[in-house]
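Q: prediction below, plus the sequence it came from.
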Amino acid sequence: MGKLFEKFARTRNLEGDVMQTELKRCLSTFDLVLMGIGSMVGSGMYVLAGEIAHEITGPALFLAFLVAGVASGLSAWCYAEFGARVPKAGSAYVYTYLTIGELAAFVIGWNLILEHVIGSAAVARGLAGYINALSNGGITKITPHSLLKLHWNPYCVIVVVLIGIIVCIGIKESIIVNNILTAVNIAVALFVVFCGFYLADPDNWSDFLPNGVGSIFKGAAQAYFAYVGYDSITIASEEALDPGFSVPVALAADVLLVSALYCAVSIALTLMVPCDQIKNDSAFAAAFDYNEWYWAKYLVCVGAIAAMTCSLLGFVMTMPRCIYAMANDGIIFRFLAIVSNRTQVPVVATVLGTIAICIFAFFLTLSELAEFMSIGTLLAYLLIAVAVIVLRYHPTDLITGEKSQKKEASPLVGNQEWSFRQTVALLLFLVFAAITNIFICVACVFENETQVIFIIILSIFAVLTIISLLYIDVISKENDFKTRYRVPLVPYIPGLSVFINMYLMTQLTPFTWLRFAIWMAIGFLIYFFYGLAQSNLEIKPEAKDLSSEKVKENATEKVKNEILDKISEEDEQREGGDEQEKREKEEKNENKEELVSNAATAEQTEDTDES
């Protein structure tokens with residue numbers, strides 16, 4: 001049993017120059033900012049905003065986006081430290097593998113696959129809705145009534161297949177195209193804001209909280225989906241010119257800008273049209289239609305289609321990278337890491353992932369997809385916050401394996417072991433935080449029947465949560481490993497991120513938890529029956545970072561080839577020089593022979609004359 005837990009906790013290290021990569025480092029901070037905005041501002045604004053306002057929050061929609069933005073900002077803060085220290089593709093999966101261990105990394109990676117599959121399906125649903133609006137309901141008219149009744153959408157499948165074919169062919173997303181689409185997207189969003197305020201009707205806010213204060217947090221749990229695109233920045237950090245600076249700056253700028261944009265368009269939408277009149281699948285186009293600005297409807301549809309096409313392409317292109325990274329480490333089936341020699345695309349992962357996206361997009365509605373995606377994303381962000389605490393207080397640099405020179409504040413088991421007291425304190429914090437959030441959730445459901453004893457129990461667990469976090473701070477001392485960016489106020493900011501993410505998870509429906517449990521059960525079957533035995537760390541335990549070794553080998557091979565090419569050029573030049581010398585010698589010899597021949601002929605002529 002002990003060996004099994006050792007396998008669960010085994011970690012990787014990055015060796016050598018972390019900036020060394022096979023990819024081209026060409027992305028500036030500005031490129032990363034626009035990349036993040038392009039990934040974030042898609043169906044979250046054009047589709048999900050209408051869904052949440054109509055079904056959950058009413059006019060208080062902007063407060064739901066604000067709460068989700070705060071939670072997302074705390075998580076982005078934790079991502080920023082890893083992005084600055086680990087400039088490698090793979091994002092949260094790689095970060096967790098380096099700090100917490102293989103099992104936690106598998107959970108994160110498996111949820112990243114879920115995030116990209118569900119995100120793609122949700123964007124495809126929203127894209128189909130705006131295409132339908134642009135065609136004045138033409139798609140709905142030709143759809144069989146039986147499919148409409150079940151909310152099944154075959155046109156999403158067509159959109160996803162087309163994008164999947166483009167990715168399989170090997171057409172890469174150009175940063176210039178992404179920037180242009182993002183600029184169009186922002187321009188349309190600003191148009192919606194200004195025109196929305198012009199068409200505002202304050203009476204639409206007469207019933208500001210129709211479903212109570214709790215609806216804000218329930219809506220925030222779904223609105224969190226709108227912020228998930230910022231992890232594309234960390235995934236692209238391996239191609240950034242200066243990831244230590246660009247990644248934290250881009251993450252902070254994106255969360256702030258997108259939060260402000262979401263709040264502004266939410267206010268404009270709920271002032272333009274009564275919330276019970278908001279159309280779920282194409283809210284802004286329908287809002288202009290409601291106000292008889294028919295020409296604006298088409299402009300919004302074009303902007304929404306451009307934005308969601310960019311977002312969908314980003315999801316479908318990023319998803320195979322997650323699958324490829326896990327398959328390359330051996331913790332899921334290795335055949336998923338097969339790369340096409342012609343297009344250099346993980347074609348098996350792309351094809352199977354596209355099929356999975358088609359299934360989800362066909363059967364599930366946008367609200368179901370948003371909830372299903374949020375739970376996986378919240379869990380990933382929660383574990384990243386925990387990983388920051390472990391990374392900051394561990395006596396060994398979990399990224400490189402270097403030992404800290406500081407004396408530890410608590411006795412450690414050896415030089416490279418995590419303190420037992422710190423482990424217990426961290427686990428107690430997670431348990432107490434989970435129990436506190438469960439009690440808060442129950443109190444919100446039965447707010448009129450809550451007893452005093454219930455409030456006392458809730459208060460006790462809340463205090464225990466705070467005390468456990470304070471205890472971690474007291475018994476721990478930060479290591480002295482230098483990095484250009486660090487999360488401030490550790491463990492309090494990561495701890496707050498953990499608590500908020502837990503709370504948002506409790507706001508999701510039981511059916512969402514059931515589907516999530518089924519997804520994780522499938523993942524654990526793969527890991528326990530395949531991944532444990534086939535992991536690179538099991539087959540080759542000394543391999544700390546196979547990807548970096550591969551980069552080194554390729555770099556060495558590249559240097560060898562360059563040297564051989566130079567030697568060949570020198571040889572050719574030398575041979576060319578030798579040949580020229582040879583020709584010159586031959587010419588001299590020929591000249592000598594000619595001179596000798598001429599001299600001999602002259603002598604013979606003289607002899608003849610004398611005779």
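A: The structure has been received and is ready for your questions.
Q: how about the helices in the stretch 351-500 of the chain?
A: 366-393, 420-445, 452-475, 492-506 (DSSP state H, counting those that start in this stretch).
Q: quickly, which of those bottoms out on average pLDDT?
A: Here the helices of the stretch 351-500 of the chain differ in mean pLDDT, and the lowest is helix 366-393 at a mean of 77.
Q: before we move on, back to that, quick check: which of the helices of the stretch 351-500 of the chain is nearest to Glu538?
A: helix 366-393 (22.1 Å; C-beta to C-beta). All C-beta spots, glycine's among them, are computed from the backbone N, C-alpha and C.
Q: any idea of the angle that closest one forms with helix 452-475?
A: 40 degrees (axes from the mean of the first three to the mean of the last three C-alpha atoms, to 10 degrees).
Q: who does helix 366-393 touch, helix- and strand-wise?
A: Counting contacts by 3 or more C-beta pairs under 8 Å, 6 or more residues apart in numbering; DSSP states H and E, helix 366-393 packs against helix 49-52, helix 61-85, helix 92-99, helix 102-134, helix 214-223, helix 420-445, helix 492-506, helix 510-526.
Q: reformat those helices as TSV; add mean neighbour count and distance to Asn179.
A: Formatted as TSV, the helices and strands packed on helix 366-393 follow (neighbours: other C-beta atoms under 10 Å; distance: least, C-beta to C-beta, whole Å):
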stretch	mean neighbour count	distance to Asn179
helix 49-52	28	24
helix 61-85	25	20
helix 92-99	27	25
helix 102-134	27	19
helix 214-223	25	26
helix 420-445	18	40
helix 492-506	23	30
helix 510-526	14	35
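Q: now do the phi/psi pair for Ile165.
A: Dihedral pair for Ile165: phi -60, psi -40, per degrees, to the nearest 10.
Q: swap in Asn136?
A: Dihedral angles (degrees, to the nearest 10) for Asn136: phi 60, psi 40.
Q: how many neighbours does Met317 have?
A: 21 (other C-beta atoms under 10 Å).
Q: next up, identify which helix or strand it is on.
A: Secondary structure assignment for Met317, by DSSP states H and E: helix 294-329.
Q: buried sites along that helix?
A: For helix 294-329, burial by neighbour count (16 or more other C-beta atoms under 10 Å) applies to 296-297, 299-301, 303-329.
Q: run the chain-centre distance for it.
A: 13 Å (C-alpha atoms, centre = their mean, to the nearest Å).
Q: between helix 92-99 and it, find me the angle.
A: 40 degrees.
Q: and the residue nearest to Ile331 when sequence neighbours are not counted, how many residues sit next to it?
A: Counting by C-beta to C-beta, 6 or more residues apart in numbering, Gly531 is the residue found nearest to Ile331 once chain neighbours are left out, at 3.7 Å. Using other C-beta under 10 Å, Gly531 has 25 other residues around it.
Q: one more: Val33?
A: 21.
Q: in the helix or strand hosting it, what's buried?
A: Using DSSP H and E, the element containing Val33 is helix 29-40. Buried residues in helix 29-40, counting neighbours by 16+ other C-beta under 10 Å, are found at Thr29, Asp31, Leu32, Val33, Leu34, Met35, Gly36, Ile37, Gly38, Ser39, Met40.
Q: dump the C-alpha coordinates for it into PDB.
A: Provided in PDB are the C-alpha atoms of helix 29-40 (Å, rounded to 0.1, in the frame of the first residue of the first chain):
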ATOM      1  CA  THR A  29       3.200  40.400 -24.300                       C
ATOM      2  CA  PHE A  30       0.700  42.200 -26.600                       C
ATOM      3  CA  ASP A  31       0.300  38.900 -28.600                       C
ATOM      4  CA  LEU A  32      -0.400  37.000 -25.400                       C
ATOM      5  CA  VAL A  33      -2.900  39.600 -24.200                       C
ATOM      6  CA  LEU A  34      -4.900  39.500 -27.400                       C
ATOM      7  CA  MET A  35      -4.700  35.700 -27.500                       C
ATOM      8  CA  GLY A  36      -6.200  35.500 -24.000                       C
ATOM      9  CA  ILE A  37      -9.000  37.900 -24.900                       C
ATOM     10  CA  GLY A  38      -9.800  36.000 -28.100                       C
ATOM     11  CA  SER A  39     -10.100  32.800 -26.200                       C
ATOM     12  CA  MET A  40     -12.100  34.300 -23.300                       C
END
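Q: and it, what does it pack against?
A: helix 175-198, helix 231-235, helix 243-272, helix 294-329.
Q: what angle do that helix and helix 61-85 make?
A: 140 degrees.
Q: closest to Lys477 out of the helices and strands packed on helix 366-393?
A: Nearest of these (C-beta to C-beta): helix 420-445, 10.5 Å.
Q: and the closest one, what does it pack against?
A: helix 366-393, helix 452-475, helix 492-506.
Q: let's have these in a markdown table, adding distance to Tyr130.
A: Shown next, in a markdown table, are the helices and strands packed on helix 420-445 (distance: least, C-beta to C-beta, whole Å):
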| stretch | distance to Tyr130 |
| --- | --- |
| helix 366-393 | 12 |
| helix 452-475 | 43 |
| helix 492-506 | 27 |
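Q: ok, which of these comes nearest Val228?
A: Among those, helix 366-393 sits nearest to Val228 (C-beta to C-beta), with 4.9 Å.
Q: low-confidence ranges in the stretch 251-400 of the chain?
A: Residues of the stretch 251-400 of the chain meeting the criterion pLDDT under 70: 280-281, 343-344, 367, 370-374, 396-400.
Q: mind checking how far Tyr492 is from Phe217?
A: According to C-beta to C-beta, to the nearest Å, Tyr492 and Phe217 sit 21 Å apart.
Q: same check on Ala121?
A: Taken as C-beta to C-beta, the span from Ala121 to Phe217 is 25 Å.
Q: the residue nearest to Ile331 looks like it's in a helix, true?
A: Yes: checked against DSSP: H, G, I helix; E, B strand; the rest coil, Gly531 lies within a helix.
Q: do you know the pLDDT at it?
A: 88.
Q: now swap in Ser246 and tell me
A: So Ser246 comes in at 84 (pLDDT).
Q: could you report the neighbour count for it?
A: 24.
Q: which non-adjacent residue is nearest the most centrally placed residue in the chain?
A: Centroid-nearest residue in the chain, with C-alpha atoms, centre = their mean: Asp231, separated by 3.1 Å. Excluding its sequence neighbours, the residue lying closest to Asp231 (C-beta to C-beta, 6+ apart) is Ser91, at 5.1 Å.
Q: so what's the one you found up against?
A: Contacts for Ser91 (C-beta atoms under 8 Å, 6 or more residues apart in numbering) come out as Tyr79, Leu112, Asp231, Thr234, Ile235, Cys322.
Q: and stretch 113-121, how far from the chain's centre?
A: That offset, for stretch 113-121, works out to 11 Å (C-alpha atoms, centre = their mean).
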